[in-house]
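Novice: Generate a structure from the sequence data that follows.
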Amino acid sequence: MIKNKKTAYYLILIPFAVILGLFIWFFTTIFEGEKPLLAVDPLPDFISKKQAFIVKAGDTKRGLKAIKATYVHGGKEEIVLDEKFSFEGLLNGKGMHDYEKEFVIDPQTLRLAQGSMDLTIQVWDYSRKNGGDGNTTVVSHSMVIDTMPPTIRPLSQMHNINQGGTGLVVYKASSDTLESGVYVDDLYFKGYPAADDPKNENYVAYFAIPSNIKANPAIRLWAKDKAGNTITTPFSCLVKRMQFRNDDMNLSDTFLQKVLPYFSGEIDPGASDIDNYLKINRELRKTDNALIYDLMKDVSREKLWDGSWLRLKNSAPMARYADHRRYLYNGSLVDEQDHMGIDLASLENSPVEAENSGRILFAERNGIYGNMVVIDHGQGIASLYGHLSDILVTKGQDVKKGDIIGHTGQTGLAGGDHLHVSMLVHGVFVNPIEWWDDHWIQDNITSKLELIKNQ
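Specialist: Predicted coordinates:
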């Protein structure tokens, strides 16, 4: 009797439990409380030109019901996206669950005035929660409409520059300027705020005219503001063409056997001496110069130097800047390279002075340059010292003009004891002779910097 009662009890309880479970599942499904996913990219701080926005929305449960994007600008609301999705299949199983769409805001086409803009994107799902309105996700973002470029104008007037030389332009830029500088054709030379300028409107930009520049390069000032607006303006600049020397270098087996052991890690033991030399002279040279160029990304924003550069004492030039070297082996031309510095010879192991004050950027071995020191003089200016027999400074160390940084030697691709010295402007090799000249410094740099003081 008891067994029959228990059986009857379970027969009643099980269907009730199933019905209750189905009711709970149905209720929690219909009234689920999980908000739909919503992502908007990008969310810029400024809009200066036609801007595309990508909206992605998703809801794995009840599915998406609607999505809407609006912006408010100048007290007026405009709709840029408004879509509603149909309810399809059992519990919207075939409805919209994943959505992606692009919309565009073009301030110039829409003739939007300068000022703030509030963007709002909303998405709803098909849940019956919240009085039937469903779950809602909102992304709100404030931006600024700014289509006006910054202003920029030169303060310095005379810019007479030698091919292979350095130029300096002093200029004024509007307060909304984020970045500025000089373009020489496609080469960019970053500008820096002038020292002791409370208004932060005066800038200096050192730039180079490469030795291999083509005739009549396009030289212009350039500026960009926080919104990404840019402006370019030409300024008066006269480039004097220069003739650089040709220099034939005869490669002997004795010379090759002397220099190649230094590059034991780079040479191919199965290759001939001349093939190994050419690999170093071509490929390793490119790698070494790329390292030097990258060093210029870490220069100081401040001017660290003062006065003309020092030159290695009691020295005579062995090779000049931009010499076009033709390498001959057994009477045949095997390679051609440009020598981007000046070689100075003095007594063996002569002390090498820092040519001007600055901060050590590099102080170790660098391929064809051997033991090499690079000094950052600020605002894109650097000096390089190669083939040193030893290095007496370390990276990050501050040095004063005349401090001993090492001694001359014949490390790297050097056939004898000497100093290879280079000057760099934002990684571009320029003629060091200009920087050794007091009159050139006064006429081309100091006099222009004094313009700022008179503003």
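Novice: C-alpha only now, for contacts and for neighbours.
Specialist: OK.
Novice: what about K49, how many residues close to it?
Specialist: 17 (other CA atoms under 10 Å).
Novice: Doesn't F87 belong to a strand?
Specialist: No. Looking at F87 with DSSP: H, G, I helix; E, B strand; the rest coil, it is coil, so not inside a strand.
Novice: For the closest residue to it other than its chain neighbours, give its distance to S308.
Specialist: Leaving aside its sequence neighbours, F87 sits nearest to G95 (CA to CA, 6 or more residues apart in numbering; 5.6 Å). Separation of G95 from S308 (CA to CA, to the nearest Å) stands at 76 Å.
Novice: And for I342?
Specialist: 17 Å.
Novice: sec struct for the residue nearest the centre of the chain, please.
Specialist: With distances taken as CA atoms, centre = their mean, the residue of the chain nearest its centroid is K297 (7.8 Å). The three-state label given to K297 by three-state DSSP is helix.
Novice: Quick check: the gap between it and G75.
Specialist: 45 Å.
Novice: And for A227?
Specialist: For A227 relative to G75 (CA to CA), the value is 22 Å.
Novice: Mind checking which of the two has more residues around it?
Specialist: Between A227 and G75, counting by other CA under 10 Å, A227 is the more crowded of the two (22 against 9).
Novice: That one belongs to a helix, doesn't it?
Specialist: No. Read with three-state DSSP, A227 is coil and lies in no helix.
Novice: In space, what's closest to it - neighbours in sequence excluded?
Specialist: Nearest to A227 is F46, by CA to CA, 6+ apart, at 5.0 Å.
Novice: ditto for H426
Specialist: Distances taken as CA to CA, 6+ apart put G380 closest to H426, at 4.6 Å, once the chain neighbours are dropped.
Novice: The one you found: neighbour count?
Specialist: 26.
Novice: Let me see the contact set for it.
Specialist: Shown in contact with G380 (CA atoms under 8 Å, 6 or more residues apart in numbering): 190, 206, 296, 299-300, 424-427.
Novice: so which strand or helix has L278?
Specialist: helix 273-279 (DSSP states H and E).
Novice: Would you mark the buried spots in that helix?
Specialist: Neighbour-count burial for helix 273-279 flags 273-274, 276-277 (criterion: 16 or more other CA atoms under 10 Å).
Novice: Can you add distance to S116 and give those residues back as TSV?
Specialist: Shown next, in TSV, are these (distance: CA to CA, whole Å):
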residue	distance to S116
D273	68
I274	67
N276	63
Y277	63
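Novice: Look up how far A69 lies from S140.
Specialist: Applying CA to CA to S140 and A69 gives a distance of 10 Å.
Novice: need the contact list for G265.
Specialist: G265 neighbours (CA under 8 Å, 6+ apart): none.
Novice: Name the SS class of it, please.
Specialist: coil.
Novice: Distance check, it against G367.
Specialist: In terms of CA to CA, G265 sits 10 Å off from G367.
Novice: got it, and A345?
Specialist: 20 Å.
Novice: Over to T408?
Specialist: Relative to G367, and taking CA to CA, T408 is found at 16 Å.
Novice: Pick out whichever of these two has more residues nearby.
Specialist: Applying other CA under 10 Å to T408 and G367 shows that T408 carries more neighbours, namely 28 against 23.
Novice: Quick check: end-to-end length of stretch 238-258?
Specialist: Stretch 238-258: ends 45 Å apart by CA to CA.
Novice: ok, and the closest non-adjacent residue to G396?
Specialist: Closest residue to G396 apart from its sequence neighbours, by CA to CA, 6+ apart: I360 at 5.1 Å.
Novice: coming back round to it: neighbour count for S140 and A69, which is higher?
Specialist: Shown here are S140 and A69; by other CA under 10 Å, A69 has more neighbours (20 against 14).
Novice: my read: the more buried one touches D82, true?
Specialist: Yes. Between A69 and D82 a contact is recorded at 6.5 Å, counting by CA atoms under 8 Å.
Novice: Tell me the helix or strand right after the helix or strand bottoming out on mean pLDDT in the chain.
Specialist: Within the chain, confidence by mean pLDDT, DSSP states H and E is lowest for helix 2-30 among all helices and strands, at a mean of 59. Counting by DSSP H and E, the next helix or strand C-terminal to helix 2-30 is strand 37-41.
Novice: What strands line up against the helix or strand that comes right after that following strand, and which way round?
Specialist: Using DSSP H and E, the helix or strand that follows strand 37-41 in sequence is strand 46-47. Next to strand 46-47 in the sheet, as set by DSSP bridges, lie strand 136-145 (parallel).
Novice: got the angle for the partner strand vs strand 37-41?
Specialist: Computed by axes from the mean of the first three to the mean of the last three CA atoms, to 10 degrees, the angle separating strand 136-145 from strand 37-41 equals 10 degrees.
Novice: got the buried residues for the helix or strand following strand 136-145?
Specialist: Helices and strands here follow DSSP H and E; after strand 136-145, the next one along the chain is strand 152-154. Using 16+ other CA under 10 Å as the test for burial, strand 152-154 gives 152-154.
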